[in-house]
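Colleague: how would this look folded up:
(one chain, ligands or ions: 1)
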Amino acid sequence: MSQRRCERRVHDGERNHSFIKMRRSLSFSLSAEAIRMHIGRFDIKRLTRRQQACDCRTPKLEVHLAGAVFLFLCRLTPATICDSNERIFMRRILDLSMTLQNDVPSDPPGYEYSIAYTSHQDTVPTLERRYPGLQASDLPNGEAFALETVNLSTHNGTHVDSPWHYSSLLEDGTKPRGIDEMPLDWFFRPGVKLDFRHLPDGYVVTAEDIERELARIDYSLRPFDIVVVNTSAAAKFGTEHYAESGCGVGREATLFLCEKGVRVVGTDAWGWDAPYKYVAERYARDGDPSIIWEGHKAGRTVEYCQIEKLRYLEQLPSHGFQIAAFPVKIFAASGGWTRAVAIFDEP
Ligand SMILES: [Zn+2]
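Modeller: Numbers count the residues shown, from 1 in each chain. Predicted structure coming up:
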């Protein structure tokens, strides 16, 4: 391998929006044919022998390095293989997560979280106790280390709900799974975005709404697609109106998705169901308890997970990307935080 360039740019202008663009440009001194012949075998020695047999002038060490880097790339972008002497790989990652930040409203009153910051100076006494005789002046800049203590629930921040959140018993009498029990391969799948920003606050999305949107974007759902809904709540993020904004997804629509084989859904609203305020108004009017948390409770019929408080869905196309949203593993918990991202592999 003669050259490897890697550029990584991070734009984080608003401190809650991260856009990472990674470009790898590779130029191999090995022939593309030699690489292709050996790619499935992961056999660097054989690759070396073949290069020597074909009187390639590439030094042996360089061939080994090429093989090592090649295997590394196979692990990262297995679908992208060079077919010429120079191949450009483009991987774009769009952050779909909110930043945990004090005093930026993202939950209704009573559900707030807090972050306590301990400075590099605050921790000097800790090091002085740990290393008798040490003084602050002995440390670079007189500093020890920074750390933060966070007080939040599993449902603050961008997070994944597990079926245990919805109920302690499924309709079939079995126990729903906690977040630590969910299969990881649910959370790294092709993504589909449904644009429901035009729907009014409090509206409950139906199966027909989803079918109409799928027809508009010309997409047929496949099992295990991750379906995310872009609501009008996104524009209210960071204000006190956020938790009361956007549409919700009802039981019928949630089960419609589950019947298509979808097991992970997501929303950029505060929750998967319609905001409390509107459901409370309907309940006061009709007295029907089945509308309370109807989307969540559909998880008693079919186990599914939902990602809540996503961000930047408006920047996504309707499909043609992957979503990765692995939940933090908390024993027997009803949810876990996630750094959800959309991944675009572009040739
Ligand atoms: Zn939740």
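
Colleague: from what I can see Asp195 touches Arg212, true?
Modeller: No: under the criterion of C-beta atoms under 8 Å, Asp195 is not in contact with Arg212, lying 11.1 Å apart. Where C-beta positions appear, they are placed from N, C-alpha and C, glycine not excepted.

Colleague: could you list every residue that touches the closest residue to the ion within the stretch 51-200 of the chain?
Modeller: With C-beta to the ion as the measure, His155 is the residue of the stretch 51-200 of the chain nearest to the ion, at 3.7 Å. For His155, the contact set (C-beta atoms under 8 Å, 6 or more residues apart in numbering) comprises Tyr111, Asp161, His165, Glu308, Ser334, Gly335.

Colleague: packing partners for the helix or strand containing Leu257?
Modeller: Using DSSP states H and E, Leu257 falls within helix 251-259. Judged by 3 or more C-beta pairs under 8 Å, 6 or more residues apart in numbering; DSSP states H and E, helix 251-259 is in contact with helix 207-216, helix 294-297.

Colleague: 6 Å - rerun?
Modeller: helix 207-216 (3 or more C-beta pairs under 6 Å, 6 or more residues apart in numbering; DSSP states H and E).

Colleague: Let's see the helix it packs on as CSV, backbone CA atoms only.
Modeller: In CSV, the C-alpha atoms belonging to helix 207-216 read as follows (Å, rounded to 0.1, in the frame of the first residue of the first chain):
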residue,chain,number,x,y,z
ALA,A,207,-52.0,2.5,9.9
GLU,A,208,-53.6,4.3,7.0
ASP,A,209,-51.3,7.4,7.6
ILE,A,210,-48.3,5.1,7.5
GLU,A,211,-49.4,3.3,4.3
ARG,A,212,-50.0,6.6,2.7
GLU,A,213,-46.6,7.9,3.6
LEU,A,214,-44.9,4.7,2.5
ALA,A,215,-46.7,5.1,-0.9
ARG,A,216,-45.5,8.7,-1.1
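
Colleague: what angle sits between that helix and helix 251-259?
Modeller: 50 degrees (axes from the mean of the first three to the mean of the last three C-alpha atoms, to 10 degrees).

Colleague: Now do helix 207-216, average pLDDT.
Modeller: Averaging pLDDT along helix 207-216 yields 98.

Colleague: Run through who's touching whichever helix or strand comes after it.
Modeller: Sequence-wise, the next helix or strand downstream of helix 207-216 (DSSP H and E) is strand 226-231. By C-beta atoms under 6 Å, 6 or more residues apart in numbering, the surrounding residues in contact with strand 226-231 are 189, 191-197, 246-247, 257, 262, 264-269, 313-314, 323.
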